[in-house]
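Enquirer: Here is the input, now give the coordinates:
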Amino acid sequence: MTKKGQMIVTNIVIFAFLAGAFYLLVHYSETEIKKRIDTVNSDYTYSKGLIKDIKYYKGHSVDVKYRIGNKSYEFSGGWDDNPKHILEGDSIKFRYSIQSPDLIITELEDEY
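Expert: Have a look, this model is predicted:
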């Protein structure tokens with residue numbers, strides 16, 4: 001095989017490896033989100049928390065701090081829609097799993 005042929009094969013192998021790794025990362029992320037939503041939906045109650053940080057670019061992320069009982073929790077996740085124009089420092093409603101209070105669905109997510 002010529003040097004050019006080896007280079008083409010090497011590039012194809014590298015591309016296939018990177019594409020496979022990216023696919024596995026996306027699949028794992030989607031699976032974790034689905035597990036969180038299913039767990040919360042199985043047995044939940046409502047509460048409020050405080051927005052520590054909200055980003056309107058590169059993936060729409062929100063950081064929420066909340067307290068259930070005597071324990072404080074922090075949640076970092078994405079959001080889909082913000083009709084009330086909630087900002088950093090505002091309170092936010094969410095549903096949380098009674099069995100695992102660290103799992104929540106905020107009012108900014110479509111699943112809420």
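
Enquirer: Pretty sure Gly77 is one of the things Asp102 touches, is it not?
Expert: No - Asp102 lies out of contact with Gly77 (C-beta atoms under 8 Å); the separation is 11.5 Å. From N, CA and C alone the C-beta is placed, and that goes for glycine too.

Enquirer: so where do the strands sit in the protein?
Expert: 44-54, 61-68, 71-78, 91-97, 104-106 (DSSP state E).

Enquirer: now the first one and strand 61-68, what's the angle there?
Expert: Angular relation of strand 44-54 and strand 61-68 on a 0 to 180 degree scale: 130 degrees, by axes from the mean of the first three to the mean of the last three C-alpha atoms, to 10 degrees.

Enquirer: strands paired with strand 44-54, and their directions?
Expert: strand 61-68 (antiparallel), strand 91-97 (antiparallel) (DSSP bridges).

Enquirer: How about residues contacting the first one?
Expert: Among residues not part of strand 61-68, those counted as contacts by C-beta atoms under 8 Å, 6 or more residues apart in numbering are 47-55, 72-79, 92, 94, 96, 101, 104, 106, 108.

Enquirer: Check the shortest one too.
Expert: Residues outside strand 91-97 that contact it (C-beta under 8 Å, 6+ apart): 39-40, 42-51, 62, 64, 66, 68, 75, 86, 103-108, 112.

Enquirer: Just the buried residues of it, please?
Expert: For strand 91-97, burial by neighbour count (16 or more other C-beta atoms under 10 Å) applies to 92, 94-97.

Enquirer: Can you tell me which of those lies closest to Leu25?
Expert: Nearest to Leu25 among these, counting by C-beta to C-beta, is Ser97 at 24.9 Å.

Enquirer: who has more neighbours, Asp102 and Gly77?
Expert: Applying other C-beta atoms under 10 Å to Asp102 and Gly77 shows that Gly77 carries more neighbours, namely 16 against 13.

Enquirer: Nearest to the spatial middle of the chain, which residue is it?
Expert: Geometric centre of the chain, nearest residue: Gly77, 3.9 Å, by C-alpha atoms, centre = their mean.
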